[in-house]
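# My questions are about this predicted structure, shown below with the sequence.
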Amino acid sequence: MLRWDLTITTGLSAKNLVIYMVATFLALRMVIARTPVMSAAPMQAAFLIQIAYAIFTWLMAALIIQYPGYDLIPNGINLKGGLIDYYIFFAVFLFGVHDADDAMKVIKWMLLGAVFANLATILDTAGLINLGYKERIDGRTQGALGESNQYAAYIVLFIPGLIAAAVANRGIRRLAWLAGALVSLVALAMTASRGGIVGMLLACAVGGWLYRHLVSYSRIAGWVLGSLAVLVVVLSFSQYGGLLTERVFGQSANIDATYATSGRTEIWADLFAAMAQQPVTFVTGFGWNVYWSMPFHYSPHNHYFALWFNLGLVGLITGCYLLFGSIARARRASLHAEPEQRRQLIAYVVGGVALCGAVFFVDLHDPWVYFWMYAGVVTRLALCVVPQPAPAPERRTRLRTVERPRDAYGWTGAQGRR
């Protein structure tokens, strides 16, 4: 966010070095304390299956098939940073947090970090500070993450958590969290990302249905209308109000699907046409990161299609399970949690659905790190609040004595022989 160059060498940054050190410390502590490593076993298994298949396809693509322009070392570094590191971040925050109180503290600091990033974006755009953020050629802000659509996906992931924190507090603290949520909404509007807005609307619809037994529609309507009124007033004094209106109501309403989707339908058609030329790739995929070595003009602009193209059904199924599995686990835990914890679990469900909707229209790179940190903490919180099944009572087997036949004098056969 501060535009500091944290690169130490190729494939290693200061951020990754710190997380590797923490991971090593946690691993040693778990070995010494004999801590079980099977927490969230299905999610860890999905990660490891995806990593193993990615390594296999990477080696096949580089050494056996030898796609033109596909290099072994750069794509291996990309695999480490684009998949293995995500698992490490998830595992560190899963095992580094011990109980529900720790999880709630870490979630609070993540939310504060999101507010700080969004506030820095607004101040830089307004010219009050200079952090070197750049705008796109069409005037959309790219924010702290350096790309409008990715930044929008990051914002919608944390907005529900900010609202949940506001509901959980009173007085000045509530106003502070509400201000953070409003700052995030303004930053989202400045990105003018239709993918982020679609993801947020989808999350509201899905969340409203999943938690319909908890929803007070009259109260929510008041919050929504009040927030929209403030947001409209703020945007009316900036250039982003007209830009957002033109993209959402102008470009999206165009009858030409290619123009309405900013060329995405054409990109997806080319992607599936390449797979149709080699039908087996609908099952196997082309190999890790092969899309970027092919003569496509643009990125896939779809997380799910990119997984399918590169890693086939294995990548698509495991990738979808990792996203939706963590959301489902948080949803189940929210039915048993205390009110304060329940709010943040619900917020993760809603924010996760928003991100899942947003990545249908954008490729994520940097924001995945924050998502897997968030997912690791929330998964630990879910494991802490869900009541564990009581061990089955030990069954005691009663020995049955076999009555031996006796003779007329009361002796058994064995005694009579003795």
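Right, received. Where do you want to start?

# Every contact and neighbour count from this point should use C-alpha atoms.
Will do.

# give me the element Trp308 is part of.
For Trp308, the element it lies in under DSSP states H and E is helix 303-334.

# Show me the helices in the stretch 51-200 of the chain, by range?
Secondary structure of the stretch 51-200 of the chain (DSSP state H, counting those that start in this stretch): helices at 72-79, 85-96, 100-125, 148-168, 171-191, 194-210.

# For the shortest one, the averaged confidence score.
Same thing as helix 72-79. Across helix 72-79, pLDDT averages out at 91.

# and the angle from it to helix 85-96?
Counting by axes from the mean of the first three to the mean of the last three Cα atoms, to 10 degrees, helix 72-79 lies at 30 degrees to helix 85-96.

# Run through who's touching helix 72-79.
By Cα atoms under 8 Å, 6 or more residues apart in numbering, the residues outside helix 72-79 that reach it are Gly11, Ala54, Ile55, Trp58, Leu59, Ala62, Leu63, Trp288, Asn289.

# so who does the fourth one touch?
Residues in contact with Trp58 (Cα under 8 Å, 6+ apart) are Leu72, Asn75, Gly76, Gly287, Trp288, Asn289.

# Count the neighbours of the closest residue to Trp368 other than its chain neighbours for me.
Closest residue to Trp368 apart from its sequence neighbours, by Cα to Cα, 6 or more residues apart in numbering: Tyr86 at 7.2 Å. Tyr86: 19 surrounding residues under other Cα atoms under 10 Å.

# how far away is Tyr86 from Leu175?
Distance, Tyr86 to Leu175, by Cα to Cα, to the nearest Å: 34 Å.

# for Phe158, same thing?
Distance from Phe158 to Leu175, by Cα to Cα: 17 Å.

# Look at those two and report which has more neighbours.
Phe158 (29 against 14).

# surely the more buried one meets Val350?
No - at 9.3 Å, Phe158 and Val350 do not qualify as touching, with contact defined as Cα atoms under 8 Å.

# which residues sit against stretch 269-286?
Thr57, Ala61, Pro300, Trp308, Phe309, Asn310, Leu311, Gly312, Leu313, Val314.

# same deal with stretch 107-125?
Outside stretch 107-125, the residues that reach it (Cα under 8 Å, 6+ apart) are 1, 129-133, 141, 143-144, 155, 158, 161-162, 180-181, 183-184, 187, 374, 377.

# Buried residues in it, which are they?
Neighbour-count burial for stretch 107-125, counted by 16 or more other Cα atoms under 10 Å, picks out 107-108, 110-112, 114-122, 124-125.

# from the residues you listed, which is closest to Tyr321?
Closest approach to Tyr321 among the buried residues of stretch 107-125 (Cα to Cα): Ile107, at 22.6 Å.

# ok, Ser326 touching Val377?
No - in this structure, Ser326 is not within contact of Val377 by Cα under 8 Å, at 10.6 Å.

# Can you list the low-confidence ranges for this protein?
Along the chain, the model assigns pLDDT under 70 to residues 1-3, 11, 138-139, 215-262, 387-418.

# re earlier: just name the closest of the contacts of stretch 269-286 to Val167, please.
Comparing these against Val167 with Cα to Cα picks out Pro300 as the nearest, at 38.3 Å.

# The closest one should be in a strand, yeah?
No - going by DSSP: H, G, I helix; E, B strand; the rest coil, the assignment for Pro300 is coil, not a strand.

# Quick check: the gap between the closest residue to it other than its chain neighbours and Leu313.
Of all residues not flanking Pro300 in the chain, Ala306 sits nearest, at 6.0 Å (Cα to Cα, 6+ apart). Between Ala306 and Leu313 the distance is 11 Å, computed by Cα to Cα.
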